[in-house]
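A.B. asks: based on what follows, work out the 3D shape:
(4 chains)
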Number of protein chains: 2
Amino acid sequence: MPHRKSKNAEPLDAGSVPKAVVSRLSLYLRELQHLLRDGKETISSGALGSRLGFSDAQVRKDLAYFGHFGYPGIGYRIDELVAAVKKILGTDRVWPVAIIGIGNLGRALLGYKGFSRQGFDIVAAFDSDPSKSGLIIEGIQVRPIDTLAAVVREQRIRLGMLAVPAPAAQGVADQLVLAGIDGIVNFAPVTINLPPHVSRLGVDLAIELEQITYDVVNRLRVR
Amino acid sequence: MPHRKSKNAEPLDAGSVPKAVVSRLSLYLRELQHLLRDGKETISSGALGSRLGFSDAQVRKDLAYFGHFGYPGIGYRIDELVAAVKKILGTDRVWPVAIIGIGNLGRALLGYKGFSRQGFDIVAAFDSDPSKSGLIIEGIQVRPIDTLAAVVREQRIRLGMLAVPAPAAQGVADQLVLAGIDGIVNFAPVTINLPPHVSRLGVDLAIELEQITYDVVNRLRVR
DNA sequence: TAGATTGTTAATCGATTAACAATC
DNA sequence: TAGATTGTTAATCGATTAACAATC
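C.D. replies: Numbers count the residues shown, from 1 in each chain, chains lettered A, B, ... in the order given. Below is the predicted model of the structure:
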């Protein structure tokens, strides 16, 4: 195994990293984990990129924002790169997550196996409907929503996934913020406002489909 | 009401429209529909943008890719703009959709009310598990996956939502392509390859959370 | 060594912002 | 008319691509 003196020595000036780079990082990680499971040891920027539809230069540039992870002439050692990317994304530790809104979607999120694999641990579930309180779904007890602040603090929950109806989303988001949450993924089809110290990401299932219909209707002849 | 001679006369050169513009278009539409429901009649680019965190110039520029929808001194008539954006996105009609993989997530998608509101009609559900065949969930019968091609053709299904386990995703995607599907939203945490005439969008729930943890860990001091 | 591949710089390309004449 | 706001141009900013010396 080649040796290296001073890797990862760069200051991670997060402000200068484009958002698009971070989302590609997650794709790299997912692909690298597949490769690792398949027993591969190293991969080049070109080979990694072509599996995802990116150029070799793009892969190298993206990774170079965060350090020197590769070996000229060899490529990247997959196990090392997995560890490095996990550290960059923050998923080298376990994150306690709460789900709010235990309807169809909330239940599906509760049962989704992909979260734990990436370091997310769903530790609490909340619903405003009293008839749901006390239910145990996927091993997690559904709690009344007015216990949210107390539970978030007590269990040191950092992230919330919002699966409530659109009209309730902003109110619940406000409660999460007051309870000291760090980030929210919002599945309700509405824009929510958060203070700048809380990270926010919206996932609107209908909007995802609209991106496809636009493509289909305006089908780009050349690609 | 002001009058206009020749609107929407531009050729929609889809190839030149950035992807980011299309995703903002969906956000504009969602916001405009809320405004319409609230009884508002017109809105300026500045007011629309500020609700979503975009500048007035960005809103005007985005819309100007597709035509002249506004009225100087007045803004945009909300009902007109809703109709125009729907047409651009292709959601001025109804799209028949199939869901493949009726586990936790597939079931949640089947029950999601937000789709029909935006013009998506889930007309078929498939699962490879024979014990699920025949089940009726949310009014839709679950069919064996080997009937996929026949049903897609017969029901003129244009879009597929893939909620199968990662190892099955590529195989099912291939079947959808053979059946003549136009676009696929893939919820399996794996990259799938499709021919260029089929639109593709990946939604990985764990990756969405990773975008948040990156933000939290590398918390940008200034925002 | 020769071949492969990195990290990085410079050049290109694309997207956003600012400014303003035209319009209502 | 005066005030508001559009559509569009030019200027700025940012991201991607191409090229290559350095390295293994």
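A.B. asks: is A:P189 in a helix, a strand, or coil?
C.D. replies: coil (DSSP: H, G, I helix; E, B strand; the rest coil).
A.B. asks: gap between it and A:A179?
C.D. replies: 24 Å (Cβ to Cβ, to the nearest Å). In this view, the C-beta of every residue, glycine as well, is placed from N, C-alpha and C.
A.B. asks: between these two, who's got more neighbours?
C.D. replies: A:P189 (22 against 16; other Cβ atoms under 10 Å in any protein chain shown).
A.B. asks: ok, that one touching A:V203?
C.D. replies: No. The criterion here is Cβ atoms under 8 Å, and A:P189 misses it with A:V203 at 9.7 Å.
A.B. asks: biggest strand in chain A by residues?
C.D. replies: strand A:120-127 (DSSP state E).
A.B. asks: outline the domain layout of chain A.
C.D. replies: Domain ranges of chain A: A:14-89, A:95-208, per automatic domain parsing.
A.B. asks: which one of the ones you listed is the most hemmed in?
C.D. replies: Compared across those, domain A:95-208 shows the largest average neighbour count, a mean of 19 (mean count of other Cβ atoms under 10 Å in any protein chain shown).
A.B. asks: still on that earlier bit, tabulate the CA atom coordinates of the longest strand of chain A in PDB.
C.D. replies: Extracted C-alpha coordinates of strand A:120-127, given in PDB (Å, rounded to 0.1, in the frame of the first residue of the first chain):
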ATOM      1  CA  PHE A 120     -29.500   7.400  10.500                       C
ATOM      2  CA  ASP A 121     -31.400   6.100  13.500                       C
ATOM      3  CA  ILE A 122     -35.100   6.800  13.800                       C
ATOM      4  CA  VAL A 123     -35.700   7.100  17.500                       C
ATOM      5  CA  ALA A 124     -39.000   8.800  17.800                       C
ATOM      6  CA  ALA A 125     -42.300   9.300  15.900                       C
ATOM      7  CA  PHE A 126     -45.000  11.900  16.500                       C
ATOM      8  CA  ASP A 127     -48.600  12.400  15.400                       C
END
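A.B. asks: is chain B contacted by that strand?
C.D. replies: Yes. Using Cβ under 8 Å from any Cβ of the partner chain, we find that strand A:120-127 touches chain B at A:F120.
A.B. asks: so which elements touch that strand?
C.D. replies: For strand A:120-127, the packing partners by 3 or more Cβ pairs under 8 Å, 6 or more residues apart in numbering or on different chains; DSSP states H and E come out as strand A:95-100, helix A:104-111, helix A:114-117, strand A:140-144, helix A:148-154.
A.B. asks: out of these, which comes closest to A:L52?
C.D. replies: helix A:114-117 (18.1 Å; Cβ to Cβ).
A.B. asks: show me what residue of chain A gets nearest to DNA strand C.
C.D. replies: A:G70 (2.6 Å; Cβ to the nearest atom of the strand).
A.B. asks: distance of that residue from A:Y76?
C.D. replies: A:G70 is 5 Å from A:Y76, by Cβ to Cβ.
A.B. asks: which residues are in contact with both of those two?
C.D. replies: Taking Cβ atoms under 8 Å, 6 or more residues apart in numbering or on different chains as the contact rule, A:G70 and A:Y76 both touch A:45, A:63.
A.B. asks: quick check on A:M161: phi, psi?
C.D. replies: Phi and psi for A:M161, reported as degrees, to the nearest 10, are phi -110, psi 120.
A.B. asks: distance check, it against DNA strand D.
C.D. replies: Separation of A:M161 from DNA strand D (Cβ to the nearest atom of the strand, to the nearest Å): 27 Å.
A.B. asks: please verify my assumption that that residue contacts A:G183.
C.D. replies: No. The criterion here is Cβ under 8 Å, and A:M161 misses it with A:G183 at 9.8 Å.
A.B. asks: quick one: pLDDT of the residue nearest to A:R200 when sequence neighbours are not counted?
C.D. replies: Using Cβ to Cβ, 6 or more residues apart in numbering or on different chains and skipping residues adjacent in sequence, the residue nearest A:R200 is A:L194, 4.9 Å away. On the pLDDT scale, A:L194 is placed at 96.
A.B. asks: who's in contact with A:L194?
C.D. replies: A:173, A:177, A:184, A:200.
A.B. asks: where's the last one, which helix or strand?
C.D. replies: According to DSSP states H and E, A:R200 maps onto strand A:199-202.
A.B. asks: ramachandran angles for the residue in chain A that DNA strand D sits nearest to?
C.D. replies: The minimum distance from chain A to DNA strand D, using Cβ to the nearest atom of the strand, falls at A:G73 (2.5 Å). For A:G73, the backbone dihedrals (degrees, to the nearest 10) come out as phi 90, psi -20.
A.B. asks: so what's the residue nearest the centre of chain A up against?
C.D. replies: Residue closest to the average C-alpha location in chain A (Cα atoms, centre = their mean): A:S26, at 7.8 Å. A:S26 is in contact with A:89, B:204, B:207, B:210-211, counting by Cβ under 8 Å, 6+ apart.
A.B. asks: so which of those sit within helices?
C.D. replies: A:89, B:207, B:210-211 (DSSP state H).
A.B. asks: A:A83 versus the residue nearest to A:V82 when sequence neighbours are not counted, what's the distance?
C.D. replies: Nearest non-adjacent residue to A:V82, counting by Cβ to Cβ, 6+ apart: A:L32, 4.9 Å away. For A:L32, the distance to A:A83 equals 10 Å [Cβ to Cβ].
A.B. asks: where does pLDDT dip in chain A?
C.D. replies: A:1-15, A:220-223 (pLDDT under 70).
A.B. asks: get me the contact residues on it for DNA strand D.
C.D. replies: Selection of chain A residues close to DNA strand D by Cβ under 7 Å from any atom of the strand yields A:2, A:4, A:18-21, A:54-55, A:57-58, A:60-61, A:71-74.
A.B. asks: among these, which ones are in strands?
C.D. replies: Counting by DSSP E, these contribute A:Y71 to strands.
A.B. asks: go through the residues of chain A next to DNA strand D and name the one nearest B:S128.
C.D. replies: Out of the residues of chain A next to DNA strand D, the member with the shortest distance to B:S128 (by Cβ to Cβ) is A:F54, at 31.6 Å.
A.B. asks: ok, now how distant is that closest one from A:V21?
C.D. replies: With Cβ to Cβ as the criterion, A:F54 and A:V21 are 11 Å apart.
A.B. asks: got a markdown table for the domains of chain A, with distance to B:L110 too?
C.D. replies: Shown next, in a markdown table, are the domains of chain A (distance: least, Cβ to Cβ, whole Å):
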| stretch | distance to B:L110 |
| --- | --- |
| domain A:14-89 | 26 |
| domain A:95-208 | 8 |
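A.B. asks: all good on my end, thank you.
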